[in-house]
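Participant: Got a sequence here, can you model it:
(2 chains)
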Number of protein chains: 2
Amino acid sequence: MTAPVTASKVTVLAGGVGAARYLSGLTAVVPPGDVTAIVNTGDDLVLHGLHISPDLDTVTYTLAGAINPETGWGLAGETWSAMEALERYGGETWFRLGDRDLATHMYRTHRLGEGADLATVTAEIARGWGLELRILPMTCDPVATRLTVAGEGEIAFQDYFVRRRHAVPVSGVRFAGVDLAVPGPGVLDAIDDAGTVVIAPSNPIVSIGPVLAVPGVRDRLAARRRSVVAVSPIVAGAALKGPADRLMTELGQDASVVGVARLYRDVAGTLVVDDADGHLAPAVEAEGVRCVVAPTVMSSPEAAAALARVTLR
Amino acid sequence: MTAPVTASKVTVLAGGVGAARYLSGLTAVVPPGDVTAIVNTGDDLVLHGLHISPDLDTVTYTLAGAINPETGWGLAGETWSAMEALERYGGETWFRLGDRDLATHMYRTHRLGEGADLATVTAEIARGWGLELRILPMTCDPVATRLTVAGEGEIAFQDYFVRRRHAVPVSGVRFAGVDLAVPGPGVLDAIDDAGTVVIAPSNPIVSIGPVLAVPGVRDRLAARRRSVVAVSPIVAGAALKGPADRLMTELGQDASVVGVARLYRDVAGTLVVDDADGHLAPAVEAEGVRCVVAPTVMSSPEAAAALARVTLR
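Facilitator: Residues are numbered from 1 along each chain as shown, chains lettered A, B, ... in the order given. Down below sits the predicted model:
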């Protein structure tokens, strides 16, 4: 690892897997104590009575080096006794919860029940893993990403993403509750105080979308947009993981780096696009967004660190 | 196994371990479909957001042949990944929940959250284990057994029983919520319709006490007390398991089969006492309760079945 390229603080707007990989690269080139992740909680769900925060956990487990590298979610070396036992009752097993992962949800649910807010509990969990970076939920208030599916009406995010494997067409997305949500403790300050704010290569609609929808976040970013850098999660017209490309198309947007630039142009001054999309740089800049062309596919820790360096330049 | 000794129905008031062993013996000598267990829920707790019903689960797991024979609670061959992982966060690990056991609490919590009542969920769980006997919670309403500890005030049952290993003196017991509790579906009919009602050898204060305190239960038993048979959980002045003897003494009662007879004389016509207490039979009968002397220590399935035959005679 090379020395830190910047001494100033970095704040990252984060969804799940892509953001977690980016943060791994970032904390290899910047002191982790200088990094704050503001994480989407629109995917959160209560299942079996347990409060589950998938994106917070993916970021935490990844930064702890404990993530299952094959799936990108859940813990490495996990066991599945509880899920297998749940099948005896015909219980809800579509959302896979490993035995060790369950402890995280049990702890979170217990502490929330005691009256602790999600930010406090998230910090406690991060501390349990010995993490130095700061992980903030975008809000401690309930926000639920909901998708409108043709012929079915509105369904919950995990119903779409996990149960239906995002294989149904979507005609609308909303973040229920977000209008009343207060930014999590430290969220707005982390945006104001950072030397650089990075919008991680997460799904712009359902991962970054909820974070931007929290009252105050969009305005604070817009006020400092020249030092806000987004990384396109779309490479050569496709999402590397997940349904970002299809969702963008279904919602009438251009599933390309140009479409990403349009989504972010009010809040980000720079968009990093992959070498594969270098020919679209002029079209990105025509949207009023500076375009940086670089390798963005984080196929290794080194590639993630290199991408992090690009975003800080 | 010998043939059934009676064709008529048997209803058993049940706590945890002792009652579960008795029910195992009973279902070896009576068709399980003729047996109804009315089970204490005063020990129920919500922990980590999960609704845990220890006595219901002990009865279910025992009758399913799945109980951990060494502890008398929890599942045989259990794994403990979740509990171990919870230690990372300094979570609440004093109440041990095995990974497979967790599935039961997750299922119960999920179904209760869907609006199913505890009786329905209990039946579903029993069906999941292929049980033919009927397991009824004493009530679907919340009832919480609470104990007054000198110098500390009132504490929850599991705090007393598990966390403090029932090693603190108790000056009072109450069943919070029981006055407003409605008997579970089928509970009063099961008392009325049985050929014999058995009060299992469970703790008379904190296991059978809550069942008797559910409005209607005591009156229905009293109305048919001649065919209600209790088995003393006190043998030679001591509880075979748990704090029944000490609790009785602390609450000013006689920790003997005579004390048990006094607690049950209004609701039970017969008390089965162990051979070791044969000399106290006249004192039991002086309380107006017929006394049957027989081996009551269920050290084997055969002993449990033999005790069941005695109670049905």
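Participant: How about the residues of chain A by chain B?
Facilitator: Applying Cβ under 8 Å from any Cβ of the partner chain, one finds that chain A approaches chain B through A:46-51, A:79, A:81-86, A:88-92, A:98-104, A:106-107, A:109-110, A:112-113, A:124-125, A:128-129. For glycine as for every other residue, the C-beta is placed from the backbone atoms N, C-alpha and C.
Participant: any idea where the strands of chain A begin and end?
Facilitator: Secondary structure of chain A (DSSP state E): strands at A:10-14, A:35-39, A:45-47, A:50-52, A:134-137, A:144-149, A:153-156, A:170-176, A:196-199, A:228-231, A:234-235, A:238-239, A:270-274, A:290-294.
Participant: Arrange those in TSV, one row each, with mean neighbour count and mean pLDDT as further columns.
Facilitator: Putting the strands of chain A into TSV (neighbours: other Cβ atoms under 10 Å in any protein chain shown; pLDDT from 0 to 100) gives the following:
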stretch	mean neighbour count	mean pLDDT
strand A:10-14	28	98
strand A:35-39	28	98
strand A:45-47	16	96
strand A:50-52	22	98
strand A:134-137	25	98
strand A:144-149	20	96
strand A:153-156	14	95
strand A:170-176	16	97
strand A:196-199	27	98
strand A:228-231	26	98
strand A:234-235	22	97
strand A:238-239	18	95
strand A:270-274	25	98
strand A:290-294	18	98
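Participant: who wins for proximity to B:Arg146 among those?
Facilitator: Proximity to B:Arg146 (Cβ to Cβ) singles out strand A:50-52 among the strands of chain A, at 26.2 Å.
Participant: Adjacent strands (with direction) for the closest one?
Facilitator: strand A:45-47 (antiparallel) (DSSP bridges).
Participant: which residues touch the partner strand?
Facilitator: A:52, A:54, A:92, A:95, A:97, A:156-158, B:110, B:113 (Cβ atoms under 8 Å, 6 or more residues apart in numbering or on different chains).
Participant: Among the residues you listed, name the buried ones.
Facilitator: Buried members of the contacts of strand A:45-47, scored by 16 or more other Cβ atoms under 10 Å in any protein chain shown, are A:52, A:54, A:92, A:95, A:97, A:156-158, B:110.
Participant: Tell me the one among those residues nearest to B:Arg174.
Facilitator: Nearest to B:Arg174 among the buried ones among the contacts of strand A:45-47, counting by Cβ to Cβ, is B:His110 at 30.5 Å.
Participant: any idea how far the closest one is from A:Thr58?
Facilitator: Distance of B:His110 to A:Thr58, given as Cβ to Cβ, to the nearest Å: 23 Å.
Participant: Is A:Ala181 in contact with A:Ala144, as I believe?
Facilitator: No - between A:Ala181 and A:Ala144 there is no contact under Cβ atoms under 8 Å: 10.6 Å.
Participant: how many neighbours does A:Thr109 have?
Facilitator: By the criterion of other Cβ atoms under 10 Å in any protein chain shown, A:Thr109 has 23 neighbours.
Participant: Give me the longest helix you can find in chain A.
Facilitator: With secondary structure taken from DSSP state H, chain A has its longest helix at helix A:99-113.
Participant: Can I get it in CSV? Just the C-alpha atoms.
Facilitator: C-alpha atoms of helix A:99-113 as CSV (Å, rounded to 0.1, in the frame of the first residue of the first chain):
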residue,chain,number,x,y,z
ASP,A,99,-26.3,-18.0,12.1
ARG,A,100,-23.5,-15.5,12.8
ASP,A,101,-25.2,-12.8,10.8
LEU,A,102,-28.3,-13.3,12.9
ALA,A,103,-26.4,-12.1,15.9
THR,A,104,-26.0,-8.7,14.3
HIS,A,105,-29.7,-8.4,13.7
MET,A,106,-30.5,-9.7,17.2
TYR,A,107,-28.1,-7.2,18.7
ARG,A,108,-29.5,-4.3,16.6
THR,A,109,-33.1,-5.2,17.4
HIS,A,110,-32.3,-5.5,21.1
ARG,A,111,-30.6,-2.2,21.3
LEU,A,112,-33.3,-0.4,19.2
GLY,A,113,-35.8,-1.9,21.6
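Participant: Now do it against helix B:99-113: the angle between them, please.
Facilitator: 40 degrees (axes from the mean of the first three to the mean of the last three Cα atoms, to 10 degrees).
Participant: how distant is helix A:99-113 from the center of its chain?
Facilitator: The chain centroid and the centroid of helix A:99-113 are separated by 20 Å, computed with Cα atoms, centre = their mean, to the nearest Å.
Participant: list the buried ones in it?
Facilitator: A:99-112.
Participant: which one in chain A is furthest away from the centre?
Facilitator: Using Cα atoms, centre = their mean, the residue of chain A lying farthest from its centre is A:Arg88. It sits 34.2 Å away.
Participant: Give the closest residue to that residue in space, chain neighbours not counted.
Facilitator: Nearest residue to A:Arg88, sequence neighbours excluded (Cβ to Cβ, 6 or more residues apart in numbering or on different chains): B:Gly128, at 4.6 Å.
Participant: Next up, the contacts around the one you found.
Facilitator: B:Gly128 makes contacts with A:88-90, as judged by Cβ under 8 Å, 6+ apart.
Participant: got these as a markdown table, with pLDDT and distance to A:Tyr264 columns?
Facilitator: As requested, the contacts of B:Gly128 are arranged in a markdown table below (pLDDT from 0 to 100; distance: Cβ to Cβ, whole Å):
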| residue | pLDDT | distance to A:Tyr264 |
| --- | --- | --- |
| A:Arg88 | 97 | 47 |
| A:Tyr89 | 97 | 45 |
| A:Gly90 | 96 | 44 |
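Participant: how about low-confidence regions in chain A?
Facilitator: For chain A, applying pLDDT under 70 flags the ranges A:1-7.
Participant: what domains does the record give for it?
Facilitator: A:10-142+A:178-312, A:144-176 (automatic domain parsing).
Participant: most packed of those domains?
Facilitator: Highest mean neighbour count among the domains of chain A (mean count of other Cβ atoms under 10 Å in any protein chain shown): domain A:10-142+A:178-312, with a mean of 21.
Participant: how distant is that one from the center of its chain?
Facilitator: Distance, stretch centre to chain centre, for domain A:10-142+A:178-312: 1 Å (Cα atoms, centre = their mean).
Participant: Next, the distance between the ends of it.
Facilitator: Start to finish, the residues bounding domain A:10-142+A:178-312 are 9 Å apart (Cα to Cα, to the nearest Å).
Participant: And the helices in chain A, which stretches?
Facilitator: Taking DSSP H, the helices of chain A run over residues A:17-29, A:54-63, A:81-86, A:99-113, A:118-128, A:157-158, A:187-193, A:208-213, A:217-223, A:244-250, A:257-264, A:281-286, A:301-312.
Participant: so what's whatever residue of the stretch 201-313 of chain A ends up closest to chain B closest to, chain neighbours aside?
Facilitator: The nearest approach of the stretch 201-313 of chain A to chain B comes at A:Pro210, 23.4 Å away (Cβ to the nearest Cβ). Nearest non-adjacent residue to A:Pro210, counting by Cβ to Cβ, 6+ apart: A:Gly42, 3.4 Å away.
Participant: What's the separation between A:Asp57 and chain B?
Facilitator: 12 Å (Cβ to the nearest Cβ, to the nearest Å).
Participant: Could you double-check that that residue sits in contact with A:Arg100?
Facilitator: No - look at A:Asp57 against A:Arg100 with Cβ under 8 Å: they stay out of range, at 11.2 Å.
Participant: Now do the shared contacts for the two.
Facilitator: Counting by Cβ under 8 Å, 6+ apart, A:Asp57 and A:Arg100 have no shared contacts at all.
Participant: Surely the residue farthest from the centre of chain A and B:Ala103 touch.
Facilitator: Yes - with contact defined as Cβ under 8 Å, A:Arg88 and B:Ala103 form a contacting pair (7.2 Å).
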